[in-house]
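Novice: Pasting the sequence and the predicted coordinates here, then a few questions.
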Amino acid sequence: MSVFTYTALSSNGKSVSGTIPANSRSAAIAAVVGKGLTPVRVEEQGKGAKSAAKAQPQATTEDGAPASGRVSQRHVEDFTRELASLLSGGVPLARGLSLLKREAKQPGPKYLWSRVHDDVVEGNSLADSLAQHPKIFSTVYIAMVRAGEAGGFLDVVLNQIAEFRAREQDLKGKVKAAMVYPCVLGFLAVGVLVFLLTFFIPRFSKLFDQFGGQLPVMTQIILKMSNLLVHYGLFVAAGLAILFFFGYRAAKTDSGRRRIERMILGTPALGRVIAHFALVRFTRMLGTLLGAGVPLVTALRTAKEAIGNQTLSDTVAFGMDEVQKGESLARALGSATQLFPASVVEMIAIAEETGRLDKELVRLSIAY
């Protein structure tokens, strides 16, 4: 009998670690589930290094040579939809994975689906098999799959994942498309302004000197800016580059990133757009997870990571603590006024009372 180490989530969403004796990994997982825990990672003692190497596999072809193909998010979306369709049609999981592995044309996906299939055939759950590839499958993806396996509705969950990813990509595409014109316009405006200040204005300044007299204040400011760029342009560019470098370094630290985020959120108009975009991601993720049967606290923990803004995530973390103490979700989130407007909190409160919280959260994300 071997000894396995495990990391799991309790019913209130807290992380629990320990060891458990079992004859196999699948038996260890069953024992952890028997304790009322949701397993996140189960490994045999002494095989941690092997599992770590497995988590980031080097894709190879059937003859053992490195594979040139990569697994893109489009491949993952196709895999999710096709597996959901097969499971809905009554095809067993192992057979469905075998079909997807056989139909994969590119070496990267073919290798990955083979790894997942082999792990499932060996007795591992699909969620545990996907968790071995964290760079391909996100924690949100794995959490939803685990909930679907535990509840016996894996095909429904996979369809929800595919729908969620499609909406997420559509939202990102709309934001990028909307930002193209203002970015191009801003770039051209800066270029034209620099050209005017360094080429035209110096010639006008000589003409002004010949006329004599007192120039308007705004004209004097423009002439000084032109003189600064002409004589000290390289120093200005170097200063801006240094500021950008230190800003980039600061953004890599937790405290620096929070300061930058607070500054952006405090910017008129832009801060409101950023907060609304975070609200869309959070409500869509939380609604999808709840619809997939994930417990509220666990779903909040996962959806918090989808916000993409640490400052706003902190407000949700406070709300999670309140939910764990027994508060309603609406009351817990009501204190985060920067992320949740009063109207949203009121609709969440009504949805909790009527038992349709998951559907209302998804509807809010679509509306915003």
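Specialist: Right, received. Where do you want to start? Since the model is a prediction, treat every value here as computed from it, not as a measurement.

Novice: Flag the shaky bits of the stretch 201-350 of the chain, pLDDT-wise.
Specialist: 211-213, 306, 308 (pLDDT under 70).

Novice: ok, 90 please
Specialist: Judged by pLDDT under 90, the stretch 201-350 of the chain has its weakly predicted residues at 201-237, 240, 244, 246-345.

Novice: Helices along that one, start to end?
Specialist: Secondary structure of the stretch 201-350 of the chain (DSSP state H, counting those that start in this stretch): helices at 201-211, 217-252, 254-265, 270-291, 296-304, 310-324, 329-333, 342-354.

Novice: mind checking which of those helices is nearest Lys135?
Specialist: Ranking those by their distance to Lys135 (criterion: Cβ to Cβ) puts helix 296-304 first, at 17.7 Å. Placement of C-beta: from N, CA and C, glycine included.

Novice: Give the other helices and strands that the closest one contacts.
Specialist: Here helix 296-304 touches helix 139-151, helix 270-291, helix 310-324, going by 3 or more Cβ pairs under 8 Å, 6 or more residues apart in numbering; DSSP states H and E.

Novice: Rebuild these as JSON lines, extending it with mean neighbour count and distance to Ala241.
Specialist: Shown next, in JSON lines, are these (neighbours: other Cβ atoms under 10 Å; distance: least, Cβ to Cβ, whole Å):
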{"stretch": "helix 139-151", "mean neighbour count": "21", "distance to Ala241": "36"}
{"stretch": "helix 270-291", "mean neighbour count": "21", "distance to Ala241": "24"}
{"stretch": "helix 310-324", "mean neighbour count": "17", "distance to Ala241": "26"}
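
Novice: for those, which one sits closest to Gly239?
Specialist: That would be helix 270-291 among these, by Cβ to Cβ, at 24.2 Å.

Novice: Pull the closest one out as PDB, backbone CA atoms only.
Specialist: Only the C-alpha atoms of helix 270-291 are listed here, as PDB (Å, rounded to 0.1, in the frame of the first residue of the first chain):
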ATOM      1  CA  LEU A 270     -11.600  55.100 -18.400                       C
ATOM      2  CA  GLY A 271     -11.900  53.800 -14.800                       C
ATOM      3  CA  ARG A 272     -15.600  53.200 -15.300                       C
ATOM      4  CA  VAL A 273     -15.000  51.300 -18.500                       C
ATOM      5  CA  ILE A 274     -12.400  49.100 -16.800                       C
ATOM      6  CA  ALA A 275     -14.700  48.400 -13.800                       C
ATOM      7  CA  HIS A 276     -17.600  47.500 -16.100                       C
ATOM      8  CA  PHE A 277     -15.400  45.100 -18.100                       C
ATOM      9  CA  ALA A 278     -14.300  43.500 -14.800                       C
ATOM     10  CA  LEU A 279     -18.000  43.200 -13.800                       C
ATOM     11  CA  VAL A 280     -18.800  41.400 -17.100                       C
ATOM     12  CA  ARG A 281     -16.000  38.900 -16.600                       C
ATOM     13  CA  PHE A 282     -16.900  38.300 -13.000                       C
ATOM     14  CA  THR A 283     -20.700  37.900 -13.400                       C
ATOM     15  CA  ARG A 284     -20.300  35.700 -16.500                       C
ATOM     16  CA  MET A 285     -17.800  33.400 -14.800                       C
ATOM     17  CA  LEU A 286     -19.700  33.200 -11.500                       C
ATOM     18  CA  GLY A 287     -23.000  32.500 -13.300                       C
ATOM     19  CA  THR A 288     -21.500  29.800 -15.400                       C
ATOM     20  CA  LEU A 289     -19.800  28.100 -12.500                       C
ATOM     21  CA  LEU A 290     -23.000  28.200 -10.400                       C
ATOM     22  CA  GLY A 291     -25.000  26.800 -13.300                       C
END
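
Novice: That one vs helix 296-304, what angle?
Specialist: Orientation check (axes from the mean of the first three to the mean of the last three Cα atoms, to 10 degrees): helix 270-291 against helix 296-304 gives 140 degrees.

Novice: What sits closest to Leu37 if chain neighbours are left out?
Specialist: Using Cβ to Cβ, 6 or more residues apart in numbering and skipping residues adjacent in sequence, the residue nearest Leu37 is Ala8, 3.7 Å away.

Novice: pretty sure that neighbour is in a strand, no?
Specialist: Yes - inclusion of Ala8 in a strand is indicated when DSSP: H, G, I helix; E, B strand; the rest coil is applied.

Novice: Show me what it is bridged to.
Specialist: Beta-bridge pairing for Ala8 (DSSP bridges): Val16, Pro39.

Novice: I'd like to know how many residues surround it.
Specialist: 20 (other Cβ atoms under 10 Å).

Novice: What segments of the stretch 51-200 of the chain are helices?
Specialist: Under DSSP H, counting those that start in this stretch, the stretch 51-200 of the chain gives helices at 73-88, 93-103, 107-121, 126-131, 139-151, 154-195.
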